[in-house]
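Asks: Show me the folded form of this:
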Amino acid sequence: MPQAEPPEEIETDGADPGSVPESEDTGPERRCIVTGRKAPKDELLRFAVGPDGTLFPDLGHVLPGRGFWLSAHRDVVNTAVTKRLFSRAARRAVSVPEGLADRIEALLLRRCLDGLGLARRAGHAVCGFEKVCAEVRSGRAALVLAARDAAGGGREKVRALVAGRVPVLEVFYGAELGAVFGRDEAVHVCLSPGKLARRLREDATLLGGFRGDTPADPTQAG
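Replies: Here you go, the predicted structure:
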């Protein structure tokens, strides 16, 4: 069983990112308790503390009570755990689950694949190079997923076709994408415009922070 973290008394001569005023938990933006950076809620991870002091990742932003927010990167989560910033922000002892960063990655992956499966069943997602190309050419593509472990040539073909018009995320492995479509693997996947594509893009971007890279998005290129 993980042990509850005792609150730390740390003197600072400036703003303490680990101590967020109650007023910070309102409005469209939140502040990361590690970096102090403000960002829209959808770009951060939310955590809540249960009545018994146990910390819970709240990916859907639905758990009651005051939330604590982190930038979606493995090293940021590890820093929050090592420096006991959840206890400092909560001003109480907080029990942090072991392997928190790994647990968050697994939860984000499951959330992404569940969302992709829902899009497939609704007819809003297709896989296969030719089908993806057809969707992109017709203007019906809102998001393209390319397997991160696929040969570079296939990914470059899709990038050339997209030419910066559609986000291309390289976050998932081919076997993960393939499982959604009943295949051993899938290299190229395309989603139609709508809420499902928007949510998957947000969740996949968060997942990218736990897989050692930032998902490629040509629409953000300068």
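Asks: How is this protein divided into domains?
Replies: What automatic domain parsing lists as the domains of the chain is 4-98, 102-220.
Asks: okay if I get those domains as a markdown table plus mean neighbour count?
Replies: In this view, the C-beta of every residue, glycine as well, is placed from N, C-alpha and C. Shown next, in a markdown table, are the domains of the chain (neighbours: other Cβ atoms under 10 Å):
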| stretch | mean neighbour count |
| --- | --- |
| domain 4-98 | 16 |
| domain 102-220 | 18 |
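Asks: Which of those domains has the lowest mean pLDDT?
Replies: Sorting the domains of the chain by mean pLDDT places domain 4-98 lowest, at a mean of 82.
Asks: which stretches of the chain form helices?
Replies: Under the criterion DSSP state H, helices of the chain are mapped to 74-82, 85-90, 100-121, 129-138, 152-162, 174-180, 195-208.
Asks: distance of residue 74 from residue 104?
Replies: According to Cβ to Cβ, to the nearest Å, residue 74 and residue 104 sit 8 Å apart.
Asks: if I look at these two, which residues touch both of them?
Replies: Common contacts of residue 74 and residue 104 (Cβ atoms under 8 Å, 6 or more residues apart in numbering): residue 210.
Asks: Reformat the helices of the chain as a markdown table; add distance to residue 52.
Replies: A markdown table is the format used below for those (distance: least, Cβ to Cβ, whole Å):
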| stretch | distance to residue 52 |
| --- | --- |
| helix 74-82 | 18 |
| helix 85-90 | 13 |
| helix 100-121 | 17 |
| helix 129-138 | 47 |
| helix 152-162 | 47 |
| helix 174-180 | 34 |
| helix 195-208 | 27 |
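Asks: how about those helices, which one is nearest residue 55?
Replies: helix 85-90 (5.6 Å; Cβ to Cβ).
Asks: Just the C-alphas of the closest one, formatted as PDB.
Replies: Extracted in PDB, the C-alpha atoms of helix 85-90 (Å, rounded to 0.1, in the frame of the first residue of the first chain):
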ATOM      1  CA  LEU A  85       3.600  18.600  -4.500                       C
ATOM      2  CA  PHE A  86       0.100  17.000  -4.200                       C
ATOM      3  CA  SER A  87       0.300  17.200  -0.500                       C
ATOM      4  CA  ARG A  88       1.600  20.800  -0.600                       C
ATOM      5  CA  ALA A  89      -1.200  21.900  -2.900                       C
ATOM      6  CA  ALA A  90      -3.900  20.000  -1.000                       C
END
